[in-house]
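J.: Sharing a sequence plus its predicted fold:
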Amino acid sequence: MPESCVGVYTCGTDIALWLNGAHPQIGDGIVTRRVCGNSGRNCCSWSLSIRVKACPGNYTVYEFVSPNFCDAAYCTDVNTITPVVTPTNTLANVTSSAATAINITSDPCNVSSVLDNTWRTVSTGYSGLDDTLVEWNGWYRLYLQGRSAQMPEWVFYSGSVTCGGYSSLLLGGPHPLLKDGIVTRDVYGSSPQYISYRSNPIQVKACPGNYYVYRLVKPAVSIPMPTYCAVAFNTPSYDPCNSYTSLDEPWRGTNETGGSNCDSNFKWNGWYRLLYNGMSVRMPESCVNRSRCGTNVTLWLNGSHPQIQDGIITRGVCGSVGWDCCYYRSSPIQVKACPGNYYVYQFVSPNICNAAYCADITPSTPAAETPVPNITVSTECKVVVKYLDMVLNTQEQLLKVETASPEKLASYGNTVLNRTEKLVSTLVKPTETTDSVNISLNGLDIQVFAVGPKASLNEIPQLRINSTQMDIDLIQISKNNDGSAAAAFMSFSNMASMLKPSFFNTTNNTVKTMMSIVVSATLPKTTNTQLKRPVNFTLEHVEEIDPNGTLSCVYWNNTVWVEDGCSLLQTNSSHSVCSCVHLSTFALIMQTNPDQASDDSDPLLELLNTVAVAVGLFFLSLSLLTFALCHQNMRLNLTPLVNLCICLFLAHLLFLLTQKFLQYIQTNQLVCAVLAGVLHFLFLSAFVWMFFEAVLLLISVKNLTKIRSKQKEVLDWKCLIAIGYVIPLTVVGVSVGLFPDGYGSEQCWIKTDRDFVWSFLGPVCFIIIFNLIFFIMIIITLRKTVAGLNSEFSQMKQMRILVFKTLIQIIILGCPWILGFFVNGSEVLEILFLFLNSQQGTFIFLIHCVLNQEVRKQYTKWLNTLCCCFKSSDVMENQRPHTN
């Protein structure tokens, strides 16, 4: 069957069916291939699947099925007719007459001519050249300035290219492999509009040494000024099978649906091996439906994978859009088959977005695998160290920049653990006796120990990293694996910041402390990992042990620390020994009661905090009571002031209760985050009401010349309340939407990293700055008004006093928050910050009550009334008759 598109109305039918993919080799067994039908506009408008098998004797058999559409028939490619062997159902001797039909020639790889024309590169452009004027004879090997080159395949380019002539000729199918021998390929134009104008087919052969030879012929004259193109690909100086990056992203699987991943956003560098949940897979060789592989446009390999002897080959990459399997032609990639039955790819950034390389998880025909009997650790580990450094650098950046939710932290930790374990496993190579290797990096220490069938071990080996030790019965494990086994022991000094001790869930409410570094133990490339006896870990304490605390040996189970299968054997002041019946990631965690937990806070500072906040709450209550009883005697709009006091009262009360019961609230992250959000809202509301005070004051001063008697007539109190609480609620809502993990620090307040604290300090600074601007405008307006009015005018005097009071209030209530930038590390500033902010209610009472003449008169009246009541009571008591 033809392996490339066949024109319509050929093969005795309307819809000609052709094989979309290379024919298999004998070693491939039975394979499934897609069959396409050409409609004239699209080479694969119709499709179905058949099974194909290569047979001894240089022929192929097909399991044809009935097409599900009419006017269609399977095609036969007459260009593949070979007279060497006549296909029969039985073996027969080749007669002398048949032998005369055999064209016995030398190997084309040895008799080819060199064709080195620089202008044949695809970047040359039009130069007026024409290959129809060349006398072609025999086989040719392409070069570009002395570098080995090949004909580009038509799937390499999505647009038009020129290489010296007007029409550029590209290979119409994938290059053959060594075992394919001589194959025939169609020749296409360089862009889709030339596909229907095919040139004459040519023969191609893959040669040992990773190059190709071509039997070039005179191109079809129907294509104007055609020229054969050439392209050279860089060959790495190292073996990519020994230096690659594992790409284990399950969303790339051909069974995964949906997603919008875009590989053009990824910084590709070097060679990659495809894995699916730790199992080696390869790219699909046939069309993948749209919206698979976690993306929209699915990228698949246009051609068969190489074999080990083929070396590095270049393959085109196609992207399916549903109606056309190769509508998108991404940049070509290089592929190499490696010992161990896997492939590596030199992926490059696709030239389209919403496209991703697919991983074929469809099981292929089972084949016998050559077992690897012996295992050792290679000392050639520079590449592994390089990629381990990349993993650790990524972890360090995440810890510095990203303050994530517990779920994200667990996910990041799992990623670091998985990548590290897979990289360490690549160090294992065959050996006969024993070997070990130690790697020490910043944040990671590794020891790998391996035994072979000729190893002589009398005692259980101990793997030691710094002050941490693992005792594992590798002798018994090797006996269960044909005499070979390997163990890897890793310690992560920074992993506790991701896999936090708080992930250890217990029924009782305790404080968890990480008492050791996190360690991991694996049996890389070991088939039977069952342990006959427990593994013991000796862990050094990284924190001082609490005599009243409880130590637990735990292992990491995807999202939580659990104790199942682990127990504490013994402990002292510096070390503990844990025993586990399985291998995983382990740590030592200490539990203490909340009231027994270590507390670094200053008792005197806590007492000062409690007393100061209580005093402030008392005067806030007194201020609210005064405003409620004296509102008719005060010549100003009390709405902002009353709401300011209410917000400060609730905020300080909630803050006091939160800090009082902080050790209990911290155990529930959700409650802590909610309390932080409420405090954020209340404090922002207080500043918004201070802003309204300044705005109303500015409006009143500007209305002064209009002789308006009361400030309260400026704005309606209902509108003020609606606006005063909607603004801070909006800020908090937007903050939650943009940074859902920004609330709930250790003190149940806004988290200070990622500059999230500016969701509070930003509006505060904005309000303080604008209030100062308003007060400058107020002072200027007052000066102008004073120049035209009698300085004894009472309303003017009251307004000047009100301006002074409000200015002092905003300075006292707003500026202390600026100290929050400088509190860290200074006990004096911390006390000053605490005092000024806790006494805001006291300042309000002094400014608006004690220093207000109307309020003082009312206080005097109440005191006189109260005194009169006491005097009347004494007089009545004295006038009451006494009896003996």
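T.: Ah, there it is.

J.: From residue 743, how far out is residue 671?
T.: Noted for residue 671: a distance of 11 Å to residue 743, by C-beta to C-beta, to the nearest Å. All C-beta atoms are positioned from the backbone trio N, CA, C, and that covers glycine.

J.: more crowded one of these two?
T.: Each of residue 671 and residue 743 has its neighbours counted (other C-beta atoms under 10 Å); residue 743 has more, 26 against 15.

J.: so how far is residue 578 from that one?
T.: For residue 743, the distance to residue 578 equals 36 Å [C-beta to C-beta].

J.: Then residue 510?
T.: For residue 510, the distance to residue 578 equals 19 Å [C-beta to C-beta].

J.: neighbour count winner among these two?
T.: Using other C-beta under 10 Å, the more surrounded residue of residue 510 and residue 578 is residue 578, with 26 against 19.

J.: Across the sheet, point out what pairs with the more buried one.
T.: Beta-bridge partners of residue 578, counted by DSSP bridges, are residue 537, residue 568.

J.: contacting residues around it?
T.: Residue 578 is in contact with 536-537, 539, 553, 566-569, 586, 588, counting by C-beta atoms under 8 Å, 6 or more residues apart in numbering.

J.: Out of these, which end up buried?
T.: Buried by 16 or more other C-beta atoms under 10 Å: 536-537, 539, 553, 566, 586, 588, out of the contacts of residue 578.

J.: was I right about residue 318 contacting residue 332?
T.: No. Residue 318 is beyond contact range of residue 332, at 10.6 Å (criterion: C-beta atoms under 8 Å).

J.: residues shared between the contacts of these two?
T.: residue 155.

J.: Have a look at those two and say which one is more surrounded.
T.: For residue 318 versus residue 332, neighbours defined as other C-beta under 10 Å are more numerous around residue 318 (24 against 20).

J.: just the helices in the stretch 451-600 of the chain please.
T.: Per DSSP state H, counting those that start in this stretch, the stretch 451-600 of the chain carries helices over the ranges 474-479.

J.: so where's it uncertain?
T.: Across the stretch 451-600 of the chain, the ranges flagged by pLDDT under 70 are 457-459, 594-600.

J.: ranges for the strands of it?
T.: Assigned by DSSP state E, counting those that start in this stretch, the strands in the stretch 451-600 of the chain fall at 462-465, 468-471, 485-492, 511-514, 518-522, 535-540, 550-557, 560-562, 566-571, 575-580, 585-592.

J.: The fourth one pairs with which strands, parallel or anti?
T.: Pairing partners of strand 511-514, with direction, according to DSSP bridges: strand 585-592 (antiparallel).

J.: Could I get the contacting residues of residue 277?
T.: By C-beta under 8 Å, 6+ apart, the contact set of residue 277 is 248, 250.

J.: pLDDT score for it?
T.: Looking at residue 277, its pLDDT is 77.

J.: Residue 205 too?
T.: Residue 205 is assigned 92 on the pLDDT scale.

J.: still on that earlier bit, now tabulate the contacts of residue 578 in a markdown table and tack on distance to residue 488.
T.: Output for the contacts of residue 578, formatted as a markdown table (distance: C-beta to C-beta, whole Å):
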| residue | distance to residue 488 |
| --- | --- |
| 536 | 17 |
| 537 | 14 |
| 539 | 17 |
| 553 | 20 |
| 566 | 19 |
| 567 | 23 |
| 568 | 24 |
| 569 | 23 |
| 586 | 14 |
| 588 | 20 |
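
J.: Return the member of those nearest to residue 519.
T.: Using C-beta to C-beta, residue 586 comes nearest to residue 519 of the contacts of residue 578, at 5.4 Å.

J.: Kindly provide the distance from the closest one to residue 522.
T.: Look at residue 586 and residue 522: by C-beta to C-beta, they are 12 Å apart.

J.: now swap in residue 140 and tell me
T.: Distance of residue 140 to residue 522, given as C-beta to C-beta: 53 Å.

J.: What lies in contact with stretch 175-188?
T.: Stretch 175-188 has contacts (C-beta under 8 Å, 6+ apart) with 4, 22, 25, 77, 79-80, 108, 150, 153-154, 169-173, 194-195, 198-208, 212, 219, 228, 303-304, 306-307, 309-310, 313-314.

J.: I'd like to know which of those residues are part of helices.
T.: Counted as lying in helices by DSSP state H, out of the contacts of stretch 175-188, are residue 108.

J.: List only buried entries from the contacts of stretch 175-188.
T.: Judged by 16+ other C-beta under 10 Å, buried ones among these: 4, 22, 77, 108, 150, 153-154, 169-173, 194-195, 198-199, 201-206, 212, 219, 228, 303-304, 306, 310, 313-314.

J.: Filter those residues down to the ones in strands?
T.: Under the assignment DSSP state E, the buried ones among the contacts of stretch 175-188 contribute 169-171, 199, 201-206, 212, 228, 313-314 to strands.

J.: nearest spatial neighbour of residue 702, skipping sequence neighbours?
T.: Nearest in space to residue 702, with sequence neighbours left out and distances taken as C-beta to C-beta, 6 or more residues apart in numbering, is residue 781 at 6.1 Å.

J.: got it, and residue 61?
T.: Counting by C-beta to C-beta, 6+ apart, residue 61 lies nearest to residue 53, which is 5.4 Å off, once chain neighbours are set aside.

J.: which regions of the stretch 151-300 of the chain sit below the pLDDT cut-off?
T.: The stretch 151-300 of the chain contains residues with pLDDT under 70 at 158-159, 190-197, 237.

J.: can we see that at 50?
T.: 192-195 (pLDDT under 50).

J.: how about the strands in it?
T.: Applying DSSP E, counting those that start in this stretch to the stretch 151-300 of the chain gives strands spanning 163-164, 167-171, 182-188, 199-207, 211-215, 226-228, 245-248, 272-276, 279-280, 297-302.

J.: Could you check how far residue 337 is from residue 153?
T.: For residue 337, the distance to residue 153 (C-beta to C-beta) stands at 19 Å.

J.: For residue 682, see how far away residue 644 is.
T.: Counting by C-beta to C-beta, the gap from residue 644 to residue 682 is 11 Å.

J.: Thanks a lot, catch you later.
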